[in-house]
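Participant: okay, predicted coordinates and the sequence, questions at the end:
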Amino acid sequence: MDLIDTLVEKGLRRESPTRDEALAVLATSDDELLDVVAGASRVRRKWFGRRVKLNYLVNLKSGLCPEDCSYCSQRLGSEAGILKYTWLKPEEASKAASAGVAGGAKRVCLVASGRGPTDRDIDRVSRTIEAIKEENEQVEVCACLGLLSEGQAERLRAAGVNAYNHNLNTSEATYGDITTTHTYADREETVRLAQGAGLSACSGLIAGMGESDADLVDVVFALRAMDVDSVPVNFLIPFEGTPLAEEWNLTPQRALRILAMVRFVHPDAEVRLAGGREIHLRSLQPLALHLVNSIFLGDYLTSEGQEGKADLDMIADAGFEVEGMGTTTLPAHRARKEACGGGSCGPCGDADAAGPTEAAGSAEIAGSAKAAAEPAGAAADEPGAARTDLVAVRRRGAGTDLPPNA
Ligand code: SF4
């Protein structure tokens, strides 16, 4: 394919595709899918080899957010039966982080629901980082605490934070359709504040919210213009109890095309496969490793991922290797700020762009995401049909007495 050959050549030179070329990647047919993946895979290997960085989410504070992001299970008025708790104690967060590190993660992503942190919250998070570093001195820390105020990014950096996650999520043109309590410009400003303080910027998107191809391309190019180090790609988890509960409009093939497009536009940035990978890519997950160089280990913020061991097995079976603690994630020309990679996290970043299904308090959900309930009926196999059976609320790890999945 001339298109893919052109994009591979550009990617190897760190050049951006044109907007039309990015749109053309999204418009390729299923017959062309493996050619698209193979091309983007060459770009991925050029800048990241066969390494896969593992990140581990610790949800420091879950639910009860006053903001109204329609994709989020923690939003104002959400009826999703998620865990709800206030700030974890430093030792609780450190214990969860240690489980992730023991499972192979080199970065922990500390996430808190809410519009943004107060200065007291920054103190709290600073104490948590201290506790984490006491146990795991080398671990990278990404914070994801919502909209930042002046001076807060500098305080986080002084506390040992390497990266800050705050996703743009969707195009500027459609941002008002998914959230009304803050703006796209607010989000851009927080990314800039983080960059201005010397933090590695992690900012990405959520696909599958009913957006157009043009919207996806717009947000991916906006992130390139901001020169972010890490681009988390979430696929909407349509939690029951949220306004987007019926938005099941991704296929595994489309998810791969989106990841390939993001790789071509961000050839040398960390592209991180985030929330929704299990439920939307399903058996095609290993192909995504040829496009992204970073994933989350185990569970997400409010939903369960596949077992951590299954993540590790998938990486090994596909011929990739887990990136070690001493390895710098980003290529040398991009690596800056003390060998920090880039991070991505949750809600205010949304590494779990939704949360599950289920009535609050029902105990039988406690298995893995794959331990779903009823088998899907024939209608549910149609693209776009609801697959609520694939979504499971997180019921283990942070905020519970059960061991974390790592
Ligand atoms: S994404 Fe963040 S700010 Fe938005 S509702 Fe969820 S927790 Fe609140």
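Facilitator: Noted; the coordinates are in hand. None of these values were measured; they are calculated from a predicted model.
Participant: which strand is the longest one in the chain?
Facilitator: strand 51-61 (DSSP state E).
Participant: so where is the protein shaky, pLDDT-wise?
Facilitator: The chain contains residues with pLDDT under 70 at 1, 336-386.
Participant: quick one, helices of it?
Facilitator: Listed in chain order, the helices of the chain (DSSP state H) span 2-12, 19-26, 33-48, 90-102, 119-135, 152-159, 175-178, 184-196, 213-225, 252-265, 277-281, 285-288, 308-317.
Participant: so which of the ones you listed gets nearest residue 240?
Facilitator: For residue 240, the closest of the helices of the chain is helix 277-281, at 13.3 Å, according to C-beta to C-beta. C-betas here are computed from N, CA, C, even on glycine.
Participant: residues in contact with the closest one?
Facilitator: 208, 235, 237, 250-252, 255-256, 285, 287-288, 295, 305-306, 369-370, 387, 390-391 (C-beta atoms under 8 Å, 6 or more residues apart in numbering).
Participant: ok, stretch 92-103 next?
Facilitator: 54, 56-58, 60, 88, 108, 110, 128, 131-132, 134-136, 139, 297-298, 308, 312, 397-398, 403-404, 406.
Participant: again, but for stretch 312-328
Facilitator: 50-54, 103-104, 106, 138-139, 285-286, 289-290, 297, 329, 335, 339, 341.
Participant: in ChimeraX, select just the buried ones from those.
Facilitator: Paste this into ChimeraX to select the buried members of the contacts of stretch 312-328, with burial taken from 16 or more other C-beta atoms under 10 Å:
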select :50,51,52,53,54,103,104,106,139,285,289,290,297,329,335,341
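Participant: contacting residues around stretch 172-192?
Facilitator: So stretch 172-192 is contacted by 66-71, 76, 115-116, 146-148, 164, 166-170, 201, 203, 209, 211, 215, 218-219, 222, 226, 228 (C-beta under 8 Å, 6+ apart).
Participant: ends of it, what's the gap?
Facilitator: Chord length of stretch 172-192, first to last residue, is 16 Å (C-alpha to C-alpha, to the nearest Å).
Participant: tell me the buried residues in it?
Facilitator: Quick answer for stretch 172-192 (16+ other C-beta under 10 Å): 172, 174-175, 178-179, 182, 184, 186-188, 190-191.
Participant: for residue 263, give me its contacts.
Facilitator: Residue 263 neighbours (C-beta under 8 Å, 6+ apart): 11, 40, 43-44, 271, 291-292.
Participant: farthest-apart pair in those, please.
Facilitator: For these, and using C-beta to C-beta, no pair is farther apart than 11 and 292, which are 14.0 Å apart.
Participant: follow-up on the earlier one: can you narrow the contacts of stretch 172-192 down to the ones near the ligand?
Facilitator: 67, 69, 115, 146 (C-beta under 6 Å from any ligand atom).
Participant: leaving out sequence neighbours, find the closest residue to residue 77.
Facilitator: residue 68 (7.3 Å; C-beta to C-beta, 6 or more residues apart in numbering).
Participant: I'd like the distance between the one you found and residue 242.
Facilitator: To residue 242, residue 68 is 10 Å away according to C-beta to C-beta, to the nearest Å.
Participant: who touches both of the two?
Facilitator: Joint contacts of residue 68 and residue 242 (C-beta under 8 Å, 6+ apart) are residue 75.
Participant: with neighbour numbers in mind, choose between the two.
Facilitator: residue 242 (26 against 16; other C-beta atoms under 10 Å).
Participant: spit out the contact partners of that one.
Facilitator: Residue 242 touches 70-73, 75, 78-80, 354-355, counting by C-beta under 8 Å, 6+ apart.
Participant: go again using 6 Å as the cut-off
Facilitator: Applying C-beta atoms under 6 Å, 6 or more residues apart in numbering, we find residue 242 in contact with 73, 78, 80.
Participant: dump these to TSV, plus neighbour count.
Facilitator: Listed next are the contacts of residue 242 as TSV, based on neighbours: other C-beta atoms under 10 Å:
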residue	neighbour count
73	37
78	25
80	26
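Participant: show me what contacts residue 289?
Facilitator: 318, 320.
Participant: ditto for the one 5 residues further on
Facilitator: Each residue near residue 294 by C-beta under 6 Å, 6+ apart is listed here: 53, 270, 272.
Participant: isn't the second one up against residue 228?
Facilitator: Put plainly, it is residue 270. No. Using C-beta atoms under 6 Å as the test, residue 270 is too far from residue 228 to be in contact (9.1 Å).
Participant: from the buried residues of stretch 172-192, which is closest to residue 84?
Facilitator: Checking the buried residues of stretch 172-192 one by one against residue 84 (C-beta to C-beta), the nearest turns out to be residue 179, at 20.4 Å.
Participant: for that closest one, give its distance to the ligand.
Facilitator: 7 Å (C-beta to the nearest ligand atom, to the nearest Å).
Participant: ok, now how distant is that residue from residue 73?
Facilitator: Where residue 73 is concerned, residue 179 sits at a distance of 14 Å (C-beta to C-beta).
Participant: near the ligand, which residues of the stretch 51-200 of the chain are found?
Facilitator: Residues of the stretch 51-200 of the chain lying near the ligand (C-beta under 6 Å from any ligand atom): 65, 67, 69, 72, 74-75, 113, 115, 146.
Participant: please name the bridge partners of residue 61.
Facilitator: residue 112 (DSSP bridges).
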